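**Q** what follows is a predicted structure for the sequence shown.
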Amino acid sequence: MKDLQKLSGRLKSIFHFLTYAIPLFIVFAWLFIEWPPINKIVRTGLFLRPEISTPEGLVDFSTRELPLLCKFIGCFGMLLGSLPTILGCALLKKLFENYQTRKIFLSSNTQIYKKIGWLAFIKGIFTIPVSQTLMVLAATISNPPGHRYITLGFGTPNFEAILCGLIIVVISLVMQEAQKLQEENQLTV
């Protein structure tokens, strides 16, 4: 049990950090995308995808000078796409906080799992397509009229997020039933 508490404490700290670090990094990266150190990080594709696929081909944000409107749309699109991940990190922080304090078989933990599952499902259905649409808009809004695009796509990443979300929701329902059985066994004398 001590190992679980120690690991939970570390994971709680990591998810707490990520809850704030992800949005801050996205905003900072989009504001200073032309600054050489940030541009170098963007080119690696480690945090931001430098290339966006448009109907006219790939657009590389790291090699273009972007107007403020493009930066704003790109930043908003990236934040929207990351919102389920950020909220998931906050929920995981709470879950590992419960585990750290030996609160393992609680109904609130099953609710956290269920919320994480629904966040993944919503990411697949809504945030990935809208985020990709905004990224294409950011890449093409400074183009001349007739070469600006708004696209809406649905592909493998969407299906993966939806499937993972549904699996996590089902697991949370199984955990909820197990938690009810444990409560019944505790009441049986």
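**A** Yep, that arrived.
**Q** show me the strands in this structure, by range?
**A** For the chain, the strands defined by DSSP state E cover 51-54, 57-60.
**Q** to residue 177, which of those strands lies closest?
**A** Nearest to residue 177, of all those, is strand 51-54, at 43.7 Å by C-beta to C-beta. The way it works is simple: take the backbone N, C-alpha and C, and place the C-beta from them, glycine included.
**Q** centre of the chain versus the closest one, how much separation?
**A** With C-alpha atoms, centre = their mean, to the nearest Å as the basis, strand 51-54 stands 20 Å off its chain's centre.
**Q** show the average pLDDT along it.
**A** Taken as a whole, strand 51-54 carries a mean pLDDT of 72.
**Q** how many other residues sit next to residue 146?
**A** The tally of other residues near residue 146 (other C-beta atoms under 10 Å) stands at 5.
**Q** kindly provide the distance from the most centrally placed residue in the chain to residue 78.
**A** With distances taken as C-alpha atoms, centre = their mean, the residue of the chain nearest its centroid is residue 85 (2.3 Å). Residue 85 sits 11 Å away from residue 78, going by C-beta to C-beta, to the nearest Å.
**Q** got it, and residue 185?
**A** 48 Å.
**Q** and for residue 94?
**A** Separation of residue 94 from residue 78 (C-beta to C-beta): 25 Å.
**Q** neighbour count winner among these two?
**A** A direct count of neighbours by other C-beta under 10 Å for residue 94 and residue 78 places residue 78 higher, at 24 against 16.
**Q** burial check on the residue nearest to the more buried one when sequence neighbours are not counted, number of neighbours?
**A** Spatial nearest neighbour of residue 78, chain neighbours left out: residue 26 (5.0 Å); criterion: C-beta to C-beta, 6 or more residues apart in numbering. Neighbour count of residue 26, defined by other C-beta under 10 Å: 21.
**Q** count of neighbours near residue 112?
**A** Using other C-beta under 10 Å, residue 112 has 21 neighbouring residues.
**Q** so how far is stretch 150-168 from its chain's centroid?
**A** Distance, centroid of stretch 150-168 to centroid of chain: 12 Å (C-alpha atoms, centre = their mean).
**Q** which residues does that stretch contact?
**A** Applying C-beta atoms under 8 Å, 6 or more residues apart in numbering, the contact partners of stretch 150-168 are 54-55, 113-114, 116-125, 128-129, 132-133, 136-137.
**Q** against residue 120, how distant is the spatially closest residue to residue 121 that is not a sequence neighbour?
**A** Using C-beta to C-beta, 6+ apart and skipping the chain neighbours, the partner closest in space to residue 121 is residue 165 (3.2 Å). Distance, residue 165 to residue 120, using C-beta to C-beta: 3 Å.
**Q** try residue 22
**A** Distance of residue 22 to residue 120, given as C-beta to C-beta: 16 Å.
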